[in-house]
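Chemist: Show me the folded form of this:
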Amino acid sequence: MKTILVPLDHTAAAEYTLAYANKLAVRWPAEIVLLYCHPGAGPGQPPTNLPEQEQRLRSLVERLRYQQLTRQDGRRIRYHYRVLAGCLHDHARAEAARCAADLVVMGLEHVDCNRQAPPGNHAAAITELVSCPVLVVPPGRRPLPNRLALAADFTSLGLNVLPRLSALREAFPAPLDLVQFYSPAQRPQRRQLKQALNQAAAQLTWSLITPHLLEDDAPLEGGSEFCARTQTQLLIIAPGSAGQLLQYFDRCYTTTRAYHTQIPVLVLRAAERPAATEACCEKCAERLAPPSARRLLPDYAAMHWA
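Modeler: Below is the predicted model:
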């Protein structure tokens, strides 16, 4: 049985997150673990009102699954409740490991510890903490996707990413577009890019896969325009860093309602990211810098002068 971990807050947008997870749980099928982290208790203080918070979750579940789903589908989903004191960031890794989550479904504007962060910031932080894919759902009611797009740099994509994506095929059985962007300076490498794109398509288990090799010096904007043109309903990305992930949810895109911020985004962790090595002084910077080629000077003392 698959397991979906759904972190919730008590905002109105949480209903859209749970409604999407319900539909996904029926299709896959999967059980749902609801996680709410109550920010009222500080460090060293006993948790308060946790039973009341769990009752609020149960009321939300009972209301949504019978309003949104048929009675048969609503009864089919198994729910588990986890109400903890503290911040989601403090518990996400342990809870995902405890329930062996196959997928985390969370809202784009999730509120943690009573702090309202820019859209996507909490999702980017949770992606760094858990090893399973994270599905970021923006506010609004929407059906499960009937068209998917995977936008990535397939020449540097980790070997563990594609098998992890194939494990979700039953949850998202829809046509899949593979999109590789390249800059004008990469035109001589078009053949290598095309080979990497075709190799990725051969490793995936979707029945209908269409590769696209597109020239664009701004891959993020190009990917959003591609999704809008093809009416993609789920964008899959594999960013190489947390900073690159945050670019997808940058304030300029959420303010202008860019297309990719209006559809669910499935984030695949590309690889374990090495910690950056910083130098504390100029001597350490010299030691950590890559060795440069030695400059060969003529040895005038060894020459015989007439």
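Chemist: How many neighbouring residues does residue 71 have?
Modeler: Residue 71 has 9 neighbours, counted by other Cβ atoms under 10 Å. To be clear about C-beta, it is placed using only N, CA and C from the backbone, and glycine gets the same treatment.
Chemist: Revised request: answer the last question for residue 258.
Modeler: Counted by other Cβ under 10 Å, the residues lying close to residue 258 total 19.
Chemist: Also residue 106?
Modeler: 25.
Chemist: which residues does it contact?
Modeler: 6, 7, 17, 122, 123, 126, 134, 135, 136, 137 (Cβ atoms under 8 Å, 6 or more residues apart in numbering).
Chemist: how does this structure divide up, domain by domain?
Modeler: Domain segmentation of the chain under automatic domain parsing yields 1-138, 145-273.
Chemist: Dump those to a markdown table, plus mean pLDDT.
Modeler: A markdown table is the format used below for the domains of the chain (pLDDT from 0 to 100):
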| stretch | mean pLDDT |
| --- | --- |
| domain 1-138 | 89 |
| domain 145-273 | 93 |
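Chemist: distance of the nearest residue to residue 208 once chain neighbours are set aside from residue 181?
Modeler: Excluding the flanking residues, the one nearest residue 208 by Cβ to Cβ, 6 or more residues apart in numbering is residue 175, at 4.4 Å. Look at residue 175 and residue 181: by Cβ to Cβ, to the nearest Å, they are 20 Å apart.
Chemist: Looking at those two, which is more packed in?
Modeler: Between residue 175 and residue 181, counted using other Cβ under 10 Å, the more crowded position is residue 181 (22 against 16).
Chemist: Shouldn't that one be within a strand?
Modeler: Yes. When DSSP: H, G, I helix; E, B strand; the rest coil is applied, residue 181 is found to be in a strand.
Chemist: All the strands of the stretch 201-306 of the chain, residue numbers only.
Modeler: In the stretch 201-306 of the chain, strands defined by DSSP state E, counting those that start in this stretch lie at 209-215, 234-237, 265-267, listed in chain order.
Chemist: buried ones in the shortest one?
Modeler: Taking 16 or more other Cβ atoms under 10 Å as the basis for neighbour counts, the residues of strand 265-267 that come out buried are 265, 266, 267.
Chemist: ditto for stretch 115-134
Modeler: For stretch 115-134, by 16+ other Cβ under 10 Å, it's 119-127, 129-130, 132-134.
Chemist: One more: stretch 76-89?
Modeler: Quick answer for stretch 76-89 (16+ other Cβ under 10 Å): 77, 79, 82, 83, 84, 85, 86, 87, 88.
Chemist: Thought residue 35 was touching the second one, still the case?
Modeler: No. Under the criterion of Cβ atoms under 8 Å, residue 79 lies out of contact with residue 35, with a separation of 11.5 Å.
Chemist: ok, residue 69 - contacts?
Modeler: 22, 23, 26, 77.
Chemist: 7 Å instead, please
Modeler: 22, 26 (Cβ atoms under 7 Å, 6 or more residues apart in numbering).
Chemist: From residue 87, how far out is it?
Modeler: 31 Å.
Chemist: Show me the residue at the heart of the protein, geometrically.
Modeler: residue 267 (2.0 Å; Cα atoms, centre = their mean).
Chemist: isn't it right up against residue 248?
Modeler: No. Look at residue 267 against residue 248 with Cβ atoms under 7 Å: they stay out of range, at 8.6 Å.
Chemist: anything in contact with each of these two?
Modeler: residue 237.
Chemist: how about the helices in the stretch 51-200 of the chain?
Modeler: 71-76, 88-98, 121-129, 161-166, 190-203 (DSSP state H, counting those that start in this stretch).
Chemist: List the contacts of the fourth one.
Modeler: Pointing back at helix 161-166 there. By Cβ under 7 Å, 6+ apart, helix 161-166 touches 133, 200, 203, 204, 205, 236, 238, 268, 270.
Chemist: which ones are touching the last one?
Modeler: So that's residue 270. Neighbour list for residue 270: 157, 158, 161, 238, 239, 240 [criterion: Cβ under 7 Å, 6+ apart].
Chemist: show me the contacts for the residue lying closest to the first one once chain neighbours are set aside.
Modeler: Just to be clear, that refers to residue 157. The spatially closest residue to residue 157, leaving aside those adjacent along the chain, is residue 238, at 6.1 Å (Cβ to Cβ, 6+ apart). Residues counted as contacts of residue 238 (Cβ under 7 Å, 6+ apart) are 152, 157, 161, 268, 270.
Chemist: what do you get if the cut-off is 8 Å, keeping everything else the same?
Modeler: 150, 152, 157, 158, 161, 267, 268, 269, 270.
Chemist: Could you tell me how far it is located from residue 152?
Modeler: As judged by Cβ to Cβ, residue 238 and residue 152 stand 5 Å apart.
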